[in-house]
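>>> Using only what follows, build the 3D model:
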Amino acid sequence: MSQREYHIVVLGSGGVGKSCLTAQFVQNVWIESYDPTIEDSYRKAIEVDGRHVILEILDTAGTEQFSKFNIPKSVRTTR
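Next up is the predicted model:
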């Protein structure tokens with residue numbers, strides 16, 4: 001059985017906790033000090049509804065470059 005792979009991009013303003021939440025999910029640790037992120041990527045294998053899934057997570061810098069995105073049109077839902 002092949003594993004499904006999903007690509008996730010974490011977007012948001014600077015200093016709101018994107019890296020903290022990403023580290024908690026991927027590494028099960030809380031980051032207590034603030035160190036601005038340039039860009040980090042992670043891979044995590046999880047199980048969803050009995051199926052193995054690979055997540056590719058891109059933790060972005062909190063810059064204004066993403067404010068130009070039309071987020072509702074950029075997000076794709078899967079079923």
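>>> so how many other residues sit close to the closest residue to His7 other than its chain neighbours?
The spatially closest residue to His7, leaving aside those adjacent along the chain, is Glu56, at 4.7 Å (CB to CB, 6 or more residues apart in numbering). Bear in mind the C-beta positions are built from the backbone N, C-alpha and C, glycine included. The local packing of Glu56 (other CB atoms under 10 Å) involves 13 other residues.
>>> Show me the helices in the chain, by range?
18-27, 71-74 (DSSP state H).
>>> could I get the longest one in PDB with only the CA atoms?
These are the backbone C-alpha positions of helix 18-27, laid out as PDB (Å, rounded to 0.1, in the frame of the first residue of the first chain):
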ATOM      1  CA  LYS A  18       3.800  29.600  13.300                       C
ATOM      2  CA  SER A  19       7.200  28.000  14.200                       C
ATOM      3  CA  CYS A  20       6.100  27.200  17.700                       C
ATOM      4  CA  LEU A  21       3.000  25.300  16.600                       C
ATOM      5  CA  THR A  22       4.900  23.600  13.800                       C
ATOM      6  CA  ALA A  23       7.600  22.400  16.300                       C
ATOM      7  CA  GLN A  24       5.000  21.200  18.700                       C
ATOM      8  CA  PHE A  25       3.300  19.100  16.000                       C
ATOM      9  CA  VAL A  26       6.500  17.800  14.400                       C
ATOM     10  CA  GLN A  27       8.900  17.400  17.300                       C
END
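>>> hey, which of the helices of the chain is tucked in deepest?
helix 18-27 (a mean of 16; mean count of other CB atoms under 10 Å).
>>> follow-up on the earlier one: can I get the helices of the chain in a markdown table including distance to Asp49 and mean pLDDT?
Shown next, in a markdown table, are those (distance: least, CB to CB, whole Å; pLDDT from 0 to 100):
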| stretch | distance to Asp49 | mean pLDDT |
| --- | --- | --- |
| helix 18-27 | 18 | 93 |
| helix 71-74 | 26 | 56 |
